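*Asks:* Need a 3D model of the following:
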Amino acid sequence: MQFKIHYVDNTKGKPTAVKLDIEEWQRLKQYLTEVADEKQEAVDFVETPVKVKKMDIKPTKRRSFSDLLLDL
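*Replies:* Numbering: from 1, shown residues only. Prediction:
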């Protein structure tokens, strides 16, 4: 089983969390539940949604390929 994991760094560049795509989270959650059932262990997922501020990104002017070449 393979997952694409995105690390979330703090302001000092130290990884403090990971982010998974929702589909991969569902697969991992299902897998962990199945393993817990086989071993007759309890598994509890406590999901705490975090509100993330929307970034204000100003659109940039699109550049042509020839402009890019002129910059080289």
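
*Asks:* hey, which helix or strand in the protein has the poorest pLDDT?
*Replies:* Between all helices and strands in the chain, the lowest mean by mean pLDDT, DSSP states H and E belongs to helix 65-71, at a mean of 77.

*Asks:* what's the spacing between the residue lying closest to Leu32 once chain neighbours are set aside and Ala36?
*Replies:* Nearest non-adjacent residue to Leu32, counting by CB to CB, 6 or more residues apart in numbering: Val43, 5.8 Å away. Placement of C-beta: from N, CA and C, glycine included. Per CB to CB, to the nearest Å, Val43 is found 4 Å from Ala36.

*Asks:* What of Gln26?
*Replies:* Counting by CB to CB, the gap from Gln26 to Ala36 is 16 Å.

*Asks:* Likewise for Ile5?
*Replies:* Ile5 is 21 Å from Ala36, by CB to CB.

*Asks:* ok, these two, which is more surrounded?
*Replies:* Ala36 (13 against 10; other CB atoms under 10 Å).

*Asks:* wait, is that one part of a helix?
*Replies:* Yes: assessed with DSSP: H, G, I helix; E, B strand; the rest coil, Ala36 lies in a helix.

*Asks:* Quick check: it touching Gln30?
*Replies:* No: between Ala36 and Gln30 there is no contact, the gap being 10.9 Å when judged by CB atoms under 8 Å.

*Asks:* Common neighbours of these two, please.
*Replies:* The contact sets of Ala36 and Gln30 do not overlap (CB atoms under 8 Å, 6 or more residues apart in numbering).

*Asks:* for the residue nearest the centre of the chain, what are its contacts?
*Replies:* Nearest to the mean C-alpha position of the chain, counting by CA atoms, centre = their mean, stands Lys19 at 2.8 Å. For Lys19, the contact set (CB under 8 Å, 6+ apart) comprises 5-8.
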